[in-house]
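Asks: Generate a structure from the sequence data that follows.
(chains A and B)
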Amino acid sequence: MSRPSLQSWRRQLFGSVPDTVLSLGLGALISWAAWGFLHWAFGQAQWLVLRANAATLTIGRYPEAQEWRLWLLLGLLVSLTGLSWGLLRGRATAAGWPLNDRIAAGLLSLLTLVVPPLLAFGGLNQLRLLFLLGLLLLLRGLAGRWLAHRWGLRLAQSWPLVWAGAYLLGLWLIGGGLGLTPVRPSDWGGLMFTLLITSLTLLLALPLGVLLALGRRSELPLLRWVSVAYIEVIRGAPLITLLFLGQNLVGFLLPGGLAPDRVWRAAAVLTGFAAAYVAEAVRGGLNAVPRGQLEASRSLGLSTAQTLGLVVLPQALKVALPALVGQCIALLQDTTLLSIIGLFDLLGIARSVLANPDWLGRYAEVYLLLAVLYWCSCSALSLGSRALEQRLSSSNLRPAHR
Amino acid sequence: MTALPWWRDSRKVGWLVQAAVGLGLLLVVALLLSNLEHNLTRAGLRLTLGWLNQPAGFDIAETLLPYRASDSYGRALLAGLVNTLRVVGIGLVLATGLGVVAGAASFSTNPLLRGLSRTYVEVVRNIPLLLQLVFWYFAVFLTLPPANQALQLPGLQLAKSGVYLLGARLVNGELVGGWRLSLELAALLTGLVIYSAAFIAEVVRGGIASVPKGQWEAAESLGLKPLATLRLVVLPQALRVIVPGLNSQYISLAKNSSLAVAIGYPDLYAVAETTLNQTGRGIEVFLLLMAVYLGLDLCISVLMNGLERLVSLKDR
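Replies: Okay, the predicted model is just below:
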């Protein structure tokens, strides 16, 4: 196998004179860039800035005395992830772990073993992370072996509720109140804030976007006009002008003194912004559902709400899934704009670290770390979406539109 | 036959729903407007555009339109708009060029070129534009060497004092002549073009992929070289798919140019923010911004729709 492929590579790279010139030129360019990068990374870069600010970049200015709440939250999320992983993947293969799962487990272990020491997380925190890794793998194993078989189906049905509960619990743990010391939103920051605001905005924008998409396709003219006007105006404006509206003008539009915290105002603007784009993604899905489905459910005597909820939307959302994940990625990237209006998302906190005279000029190191983080998250999302798409399209639930 | 009860009559229910939605919206808008009026009177402001004629009193780092601090707010905003149009105009041309090359390169028979094109698209699309902009500005352009050690690229000189195109010469330790771009403009253009071109490359790739393979083979059997095939046979057909996709990418580019504010290039949004800080005229400034950006989008759409008609398949 190796010989012919080696030959074909040689033919493709050096088959003709122009190809040879191109290959050599590109090869030289790539080597030059790689050498330059390595020279910088091991010669000039001062990675200390990352080790010294790892905690700040992760959780911002969250009060140290309350950090245990975030660890608790992480533990909760890790446990649920382990259980979900086992439930989803364990049913088919109780005997052993499938190859993909083993690769994922290996990668996670490697990351947990290598990254924290590199970033100097401190001995205690490294132990905690190792414990969490063990918990994750243990729960994955247990759930896959015992739970998935006996209660898999029943648990799967109520699983979204469990996650929703965990989400609310997480908000409580982060924000405090009701018995916990309150931590104001302006003290949330870093990676945690980015993840929180992205997920919150997404959860709120999804239903709003579905409503807008339905409104845009409604037979009632008023609903249609209002939806179209909203979607088009929002999509035509740069996000930064809308954030400007949220930060500077909401005070004018609400009764005096009622304006909520800046973080909530920004979250509301992001939600309204994302909803317009979600609506367009959902509309694409709605367009793909054949009219016969609607007529069939009508003739079965389903009400409008039942038709939508049981027949049309499940199919439409499935078709819209890739576009929706695309919007999810865009939203994650758009949260960086919060740093322009002075909030401490991941980029915002990085800029505040870089404004510290101790770390003057260490832009490349910090921004490179951020780029890696964003790149990994966005790529993972799009990979996951592609995998999900394949699973859905191979199941018999596939809509009959093509 | 009994009469249909009103709640089963979809027409009546429809009207009721619309009336409810309409009333609700009116109520919300009326409430917001009354709050606005109350708050404005309390702050001693009235919605006017008269302040546009007052002297602005702030400097703008670089303008294409002649502008001095003693000019009016209106002139300042206009200068900002011209700066925005400048970035959008240059950006569109460069991003299209790079995007078409990168998109076409993903069909190359050379695996190195193909891999480079795919890597470029995958890396750039998954990193936020704002992060890329601050990276280019703070980590690259601000660390350029002084003029007497300027980086020399063909037709291009990069130094702390700016980016010089078309042959600038070193005179007394300063670069003179040529066409100078400020570091802010250069960083903004670099970031914006590289980011937008990755999306345009995907549009171009989709367009080229939509041309049946038979067209390539037919052109090859007619003796056309690969580049000539691309230029004469494939691209003209691919344009029908590419142009509508380009439309939305161009609009994104125009909107994304507003991120200039993060690296200190005085575009329309940056000037508007300064104006707000000085005058407190938030509502007027916001409406102006919305009108300009929506107008800009509309212009791009109209132009691209014209182009779409031009390249679309004509029935003969």
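Asks: ok, and does the longest helix along chain A reach over to chain B?
Replies: In terms of residue count, the longest helix belonging to chain A (DSSP state H) is helix A:363-394. Yes. Helix A:363-394 is in contact with chain B by C-beta under 8 Å from any C-beta of the partner chain, via A:363-364, A:367-368, A:370-371, A:374-375, A:378-379, A:382. In short, each C-beta sits where N, CA and C put it, glycine included.
Asks: Quick check: nearest residue in space to the residue in the stretch 1-150 of chain A that chain B sits nearest to, chain neighbours excluded?
Replies: Residue of the stretch 1-150 of chain A nearest chain B, by C-beta to the nearest C-beta: A:Leu26 (4.7 Å). Leaving out its chain neighbours, the residue that sits closest to A:Leu26 by C-beta to C-beta, 6 or more residues apart in numbering or on different chains is B:Leu112, at 4.7 Å.
Asks: wait, what's in contact with the one you found?
Replies: Contacts for B:Leu112 (C-beta atoms under 8 Å, 6 or more residues apart in numbering or on different chains) come out as A:13, A:22-23, A:26-27, A:30.
Asks: Could I have the buried ones of these as PyMOL selection syntax?
Replies: To isolate the buried ones among these in PyMOL, judged by 16 or more other C-beta atoms under 10 Å in any protein chain shown, type:
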select buried, chain A and resi 13+22+23+26
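Asks: Number of residues surrounding B:Ala219?
Replies: Applying other C-beta atoms under 10 Å in any protein chain shown, we find 18 other residues in the vicinity of B:Ala219.
Asks: do you know how far it is from A:Arg11?
Replies: 22 Å (C-beta to C-beta, to the nearest Å).
Asks: and what of A:Trp359?
Replies: Distance from A:Trp359 to A:Arg11, by C-beta to C-beta: 51 Å.
Asks: Those two: who's more crowded?
Replies: Neighbours per residue (other C-beta under 10 Å) separate A:Trp359 from A:Arg11, with A:Trp359 holding more: 18 against 12.
Asks: The closest residue to that one other than its chain neighbours: what's it in contact with?
Replies: Distance criterion C-beta to C-beta, 6+ apart; nearest residue to A:Trp359, sequence neighbours excluded, is A:Val49 at 4.8 Å. Applying C-beta under 8 Å, 6+ apart to A:Val49 gives the contacts A:353, A:359, A:362, A:365-366.
Asks: Swap in 7 Å and give it another go.
Replies: Neighbour list for A:Val49: A:359, A:362, A:365-366 [criterion: C-beta atoms under 7 Å, 6 or more residues apart in numbering or on different chains].
Asks: Tell me where the model's unsure across the chain.
Replies: Because you didn't say which chain, this covers chain A. A:1-4, A:90-95, A:152-153, A:256-257, A:393-402 (pLDDT under 70).
Asks: nope, chain B
Replies: The model of chain B has pLDDT under 70 over residues B:1-2, B:314-316.
Asks: before we move on, the earlier item: doesn't the residue nearest to A:Leu26 belong to a helix?
Replies: Yes. Per DSSP: H, G, I helix; E, B strand; the rest coil, B:Leu112 lies within a helix segment.
Asks: quick one: the nearest residue to B:Val243 once chain neighbours are set aside and chain A, what's the gap?
Replies: Of all residues not flanking B:Val243 in the chain, B:Glu308 sits nearest, at 4.7 Å (C-beta to C-beta, 6+ apart). Counting by C-beta to the nearest C-beta, to the nearest Å, the gap from B:Glu308 to chain A is 19 Å.
Asks: what about B:Glu308, is that helix, strand or coil?
Replies: helix.
Asks: Likewise for the one 5 residues further on?
Replies: Three-state assignment for B:Leu313 (three-state DSSP): coil.
Asks: can you pull out the strands in the chain?
Replies: Just so you know, I chose chain A. With strands called from DSSP state E, chain A shows none.
Asks: nope, chain B please
Replies: Under the criterion DSSP E, chain B contains strands at B:151-153, B:156-159, B:162-165, B:169-171, B:174-176, B:179-181.
Asks: Chain A: which of the ones you listed is closest?
Replies: strand B:151-153 (12.5 Å).
Asks: Near chain A, which residues of the stretch 151-300 of chain B? Just list them.
Replies: Residues of the stretch 151-300 of chain B lying near chain A by C-beta under 7 Å from any C-beta of the partner chain: B:255, B:258-259, B:261-262, B:269, B:276, B:282-283, B:286, B:289-290, B:293-294, B:297.
Asks: hmm, 10 Å instead?
Replies: Within the stretch 151-300 of chain B, the residues that sit near chain A (C-beta under 10 Å from any C-beta of the partner chain) are B:225-227, B:248, B:251-252, B:254-262, B:268-269, B:272-273, B:276-277, B:280, B:282-283, B:285-290, B:292-298.
Asks: Buried subset of those residues, written for PyMOL?
Replies: Only the buried entries of those go into this PyMOL selection, using 16+ other C-beta under 10 Å:
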select buried, chain B and resi 226+248+251+252+254+255+256+257+258+259+260+261+262+268+269+272+273+276+280+282+283+285+286+288+289+290+292+293+296+297
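Asks: and the residues of the stretch 151-300 of chain B next to chain A, which of them are in helices?
Replies: B:226-227, B:248, B:251-252, B:254-256, B:268-269, B:272-273, B:276-277, B:282-283, B:285-290, B:292-298.
Asks: OK, contacts around B:Val261?
Replies: A:240, A:244, A:340, B:267-274 (C-beta atoms under 10 Å, 6 or more residues apart in numbering or on different chains).
Asks: how's chain A carved up into domains?
Replies: A:64-182, A:187-402 (automatic domain parsing).
Asks: ok, and which of those domains has the densest surroundings?
Replies: Highest mean neighbour count among the domains of chain A (mean count of other C-beta atoms under 10 Å in any protein chain shown): domain A:187-402, with a mean of 18.
Asks: roughly how far is it from the heart of the chain?
Replies: 11 Å (C-alpha atoms, centre = their mean, to the nearest Å).
Asks: do the same with stretch B:52-64
Replies: Computed by C-alpha atoms, centre = their mean, the chain-centroid distance of stretch B:52-64 equals 23 Å.
Asks: Would that stretch count as contacting chain A?
Replies: No. Against chain A, stretch B:52-64 shows no contacts by C-beta under 10 Å from any C-beta, the least distance being 17.7 Å.
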